[in-house]
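Engineer: Predicted model, plus sequence, below.
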Amino acid sequence: MKNVKYYLNAAFLLALLSTTFVMAAPPENTDKEFPAKKEVRIKLVLSGCELSASTNGKIQVHHESTYDPDGYQVTMEEKGDRLYLQEKFYGDEHSGDAHWKIAVPPGTEVEFNSATGDLTVTGFDGELDGNSGTGDIEVEKSKGEFDLNSGTGSVEVTSSSGEFDLNSGTGAVKITDSSGDINANSGTGRCMGKNITILHDAEFNSGTGNTSVEKPQGDGFDLNINSGTGDAILDMQGQPLVGYFEFKVHARRGDIDCPVEFDEEERGGHEDNEYLIKSFTREKNNPRYFISTGTGTAELKL
């Protein structure tokens, strides 16, 4: 009996030690501060990142990780007027998590790349080139120049101003309560704009998803709303109709839904590529609205 108890106790102790061995390590936190730089380059693999405005004119970096340090390495390196922040993994198996918080002064150029991590931006003022393979990208209360891309994640901008180039391969792309010049695209997802003020040009495109813009505002701008096979919708939300409105669809496969009588109608192309264009003008020739789809419905909502 003693031998049985000994082996049972030994087995229990071995199981406990094994369990303790595979548990995640306690978080390792790092806080660093760097002088202001012209450019910050961030290169991540699995981690997400929060990007915000600095409170003291310097670059503030907070990093935390539960990865095994034998298989995970972080580098923070200054080279002239650039700061490089990078993570690397070694080996095949990685259990844990890591997250970055980075604050930069106004006017900083930031280049962000992550294979799978999300990027969240708040209060940023500068130039941002943000890319993620599968993560989501969100920008709020920021201004500047934005080139944002995700392979399969969503891209969303709210309460911001500047120049926007927003792209997702399969995710949704959305910009709301913002102003500036906008180029928004999704390969297969929805592409949306709501309560936007356009300075010069705005374009919303989707290959197979629906595309819609609600309550566009501004003066003398061009707005293009396009979908390859989905619906393309302009929703004026009760605003007066002023400007030039043009609807274009595939002549046999697309539809036009408009409660306003058209001034002109024309057909172009030939055979399977024949298209139909209908248009009307109210009060003056601008702003100009172009709503088009191949096989969906081009629609105006009042």
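Structural biologist: Received the coordinates, thanks. Predicted model, so just to flag it, every value in this text is computed and none were measured. Numbering: from 1, shown residues only.

Engineer: what does the strand ranked longest in the chain rub up against?
Structural biologist: Secondary structure of the chain read by DSSP state E shows that its longest strand is strand 197-206. For strand 197-206, contacts defined as CB atoms under 8 Å, 6 or more residues apart in numbering pick out 178-193, 196, 211-213, 216-218, 221-228, 230, 287. (C-beta placed from N, C-alpha, C; glycine too.)

Engineer: again, but for stretch 99-113
Structural biologist: 36-44, 47-55, 57-65, 85, 119, 124-132.

Engineer: Check the separation of the first and last residues in stretch 52-65.
Structural biologist: Stretch 52-65 has an end-to-end distance of 20 Å (CA to CA, to the nearest Å).

Engineer: show me the contacts for V249.
Structural biologist: 255-256, 275-276, 292-294, 296-298.

Engineer: mind running it again at 7 Å?
Structural biologist: Neighbour list for V249: 255-256, 275-276, 292-293, 298 [criterion: CB atoms under 7 Å, 6 or more residues apart in numbering].

Engineer: what does G57 give?
Structural biologist: G57 neighbours (CB under 7 Å, 6+ apart): 36, 105.

Engineer: Make sure it is indeed in a strand.
Structural biologist: No: per DSSP: H, G, I helix; E, B strand; the rest coil, G57 lies outside any strand segment and is coil.

Engineer: re the thing from before, which of the contacts of strand 197-206 count as buried?
Structural biologist: Buried members of the contacts of strand 197-206, counted by 16 or more other CB atoms under 10 Å: 178-193, 196, 211-213, 216, 218, 221-228, 230, 287.

Engineer: what pairs with I102 across the strands?
Structural biologist: L51, V61 (DSSP bridges).

Engineer: Next: L44.
Structural biologist: What pairs with L44, by the bridge criterion (DSSP bridges), is S114.

Engineer: And stretch 189-196, end to end?
Structural biologist: End-to-end for stretch 189-196, by CA to CA: 20 Å.
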